[in-house]
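Asker: need a structure here:
(chains A and B)
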Amino acid sequence: MTTETLKRAPAVHSRGNRKQARRNTLIGWTFILPNFLGFLAFTLIPVLAAFALSFMEWTSFSAPRWVGLANFQRMMQSDTFWVALRNTVVYALGHVPLTMALALVLALLLNRKLKGIGFFRVAIFFPYITSLVAVAVVWNMLFSPDTGPINQLLHAVGIAEAPGWTSSSDWAMPAVIITSVWRDMGYYMILYLAGLQAIPTELYEAAEVDGASPWQRFWNVTLPSLRPTTFFVVVMLTVSSFKVFDLIVVMTNGGPGRATTVLSQLIYQEGIGEGKFGYSSAISLVLFVIVLTVTVLQFKLQQRRER
Amino acid sequence: MTNMAEDLKAEAPFIGRGLAPTPEDRRRSQRKRSTREQNKRTTDVVIYAVLAVLVLALLVPFIWMLSSSLKENNQVLTVPIQWIPSEFVWSNYTEIWTRIPMMGYLQNSLYLAVIITCLQVLTGSLAAYGFSKVRFPGRDVLFLAYIGTIAVPWQAYMVPQYIMMQQLGLTNSFNALILLQAFGAFGVFLMRQYYMTIPDELCEAARIDGLSEYGIWARVILPLSKPALASLALLTFVNTWNDYMGPFIYLTSNRLWTVQLGLRSFVGQFDAEYAMIMTGSVISVIPILIIFLVGQRYFIQGIATSGMKG
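Answerer: Predicted coordinates for the structure are as follows:
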């Protein structure tokens, strides 16, 4: 993920020979070891195991057995897998552009020196660190089809047939997307604010001298200068969209029917719920490959644009 | 030594720089003050109004939550909406403790969050020192392995993790969650990003002064990295407090449940107790609100740092 080159730490003193180097290695490892042991056992090994497991059949009732691509074949024929994949993509298509656009608008609005501006920034950021269960529970009530505040508002502006939101298979996904956009935009707003503040003042001064209107300045100075931030925001948002899990579990639990079932949830249900370790790992490998492909693709696009 | 450290503190602001006003802001406001004082005041008022309406709209879910938590159940979903309870039912806040073991849930959440945060900050900052200030063969490859796993979605390896914990007999215990969450790669990454901004000359000088590497870490680097430590600690604490999936997978008995699990189960069991559900939600959010208000600067810096350098 990082593209920054690994900077060199100070070279060992010139008299430092092999003995010094060995000492350094020892010291380095003692610093890293406490974290590394935990990291190795509980992150690195499971990551590698997930790859291997996708080619095995292993359930809570049977010993592991190498089956090659059988898990993937079963997956391709599974209707639920395709539904979950489709739902995940739909979620991403809603969540990514909406969150990005709103985060940018908010950042532009809040990127000014005004007394008390900090309060506004903090208030908009707060949903992001609010506990997910509370968020899901409140929004579920706001979305109540008959007497919920949102539908009352829609009735008030003249929409007679307000949607059924989480109780309707067509509207459950939009409800989840709205909630997640509300929750996440403050976070991406912070990233955009940092990006805006890194734009050199001279660029705006030059544009002003050239007689550029505020709109032209936005299109020709702000947006191009924000490109690295936007790239980063899009990658982060896409990755997080494909990983969406807890919000769905708490808000709709995949329902109604399978209307909001997503890939992560399927992994959980098959792997931990039903103990099909091999099959669920195959699904997780697909999830990983999707996330990786999207990231690499966006990197390539970004590089081409820069050239 | 001390002087140098002080100077550095003044000169090397935290990389994210928080969200201080930019030169652009300053320049713009100065010019306006001199020439278009009146004009600026009008725009300011308009902007304040826009922002106030916007923020109010975005905070509606919280306002709704708070107001509903002080109502009777049948007053929560009324037509038209009652923004201010006709009668304040404070008893919701006294009853909830007996309706569900809320105190136990809060204690469990606090226990997990504190232990995981301490371990993460300690091991993370140690490892970050090894990765940024000590040079040895294989270091950079190892760091790439750390970064690589950050890119792998957690869901992709939750099943192997679960099998492992099952084999170790640690499911349905706090230890499973502590082991899984205390050694995250993210903490190492965040701290290393910060340590990279501390000049190596400083460590070099301390080495010449005869400090051991551990001494340098403890007496030079740690004091300089307080903002980053605070960011990491706060982010880890809040993440652990809010975590739902981890406890959901690993904690099955009620006495181990965290606030999030307790609240979710309450919603599942008594889905018509709207007011009490909102009361529980408010209580689950309050600790986060307090921590956030105290340390908001570090949250935002931490995000700007790890975000932009990521």
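Asker: for the nearest residue to A:Phe31 once chain neighbours are set aside, give me its contacts.
Answerer: Nearest residue to A:Phe31, sequence neighbours excluded (Cβ to Cβ, 6 or more residues apart in numbering or on different chains): B:Gly130, at 3.1 Å. Using the backbone N, CA and C atoms, a C-beta is placed for each residue, glycine as well. B:Gly130 is in contact with A:Ile27, A:Gly28, A:Trp29, A:Thr30, A:Phe31, A:Ile32, B:Arg139, counting by Cβ atoms under 8 Å, 6 or more residues apart in numbering or on different chains.
Asker: again, but for B:Asp243
Answerer: So B:Asp243 contacts B:Gln181, B:Thr258, B:Gln260 (Cβ under 8 Å, 6+ apart).
Asker: in space, what's closest to the residue in chain A that chain B sits nearest to - neighbours in sequence excluded?
Answerer: When scored by Cβ to the nearest Cβ, chain A has A:Gly38 as its residue closest to chain B, at 2.7 Å. Excluding the flanking residues, the one nearest A:Gly38 by Cβ to Cβ, 6+ apart is B:Phe183, at 2.7 Å.
Asker: pretty sure that neighbour contacts A:Asn35?
Answerer: Yes: contact criterion Cβ atoms under 8 Å: B:Phe183 and A:Asn35 qualify, at 5.3 Å.
Asker: and the pLDDT at residue 138?
Answerer: If you meant another chain, say so; for now it's chain A. Looking at A:Val138, its pLDDT is 89.
Asker: oops, I was thinking of chain B
Answerer: Model confidence at B:Gly138, given as pLDDT, is 85.
Asker: then B:Lys32?
Answerer: 51.
Asker: same check, this time on B:Phe248
Answerer: Reported pLDDT for B:Phe248: 91.
Asker: try B:Asn175
Answerer: So B:Asn175 comes in at 91 (pLDDT).
Asker: and the gap between it and A:Leu93?
Answerer: Plainly put, B:Asn175 is 40 Å away from A:Leu93 if you go by Cβ to Cβ, to the nearest Å.
Asker: the two: which is more packed in?
Answerer: Taking other Cβ atoms under 10 Å in any protein chain shown, B:Asn175 and A:Leu93 do not tie; B:Asn175 has more neighbours (15 against 12).
Asker: any idea how far the more buried one lies from B:Ala218?
Answerer: Remark: distance between B:Asn175 and B:Ala218 (Cβ to Cβ) = 28 Å.
Asker: do A:Thr80 as well
Answerer: Taken as Cβ to Cβ, the span from A:Thr80 to B:Ala218 is 54 Å.
Asker: shaky segments in the stretch 51-200 of chain B?
Answerer: In the predicted model, the stretch 51-200 of chain B carries no residue with pLDDT under 70.
Asker: helices along that one, start to end?
Answerer: B:60-68, B:91-99, B:102-133, B:139-151, B:158-167, B:174-181, B:185-195, B:200-208 (DSSP state H, counting those that start in this stretch).
Asker: longest helix in the chain, please.
Answerer: Unless you meant another one, I'm taking chain A. helix A:79-110 (DSSP state H).
Asker: try again with chain B
Answerer: Per DSSP H, chain B has its longest helix at helix B:274-309.
Asker: so, in contact with chain A or not, it?
Answerer: Yes: using Cβ under 8 Å from any Cβ of the partner chain, helix B:274-309 reaches chain A at B:274, B:277-278, B:281-282, B:284-285, B:288-289, B:292, B:296, B:299-300, B:303-304, B:307-309.
Asker: that's all I had, so thanks and see you.
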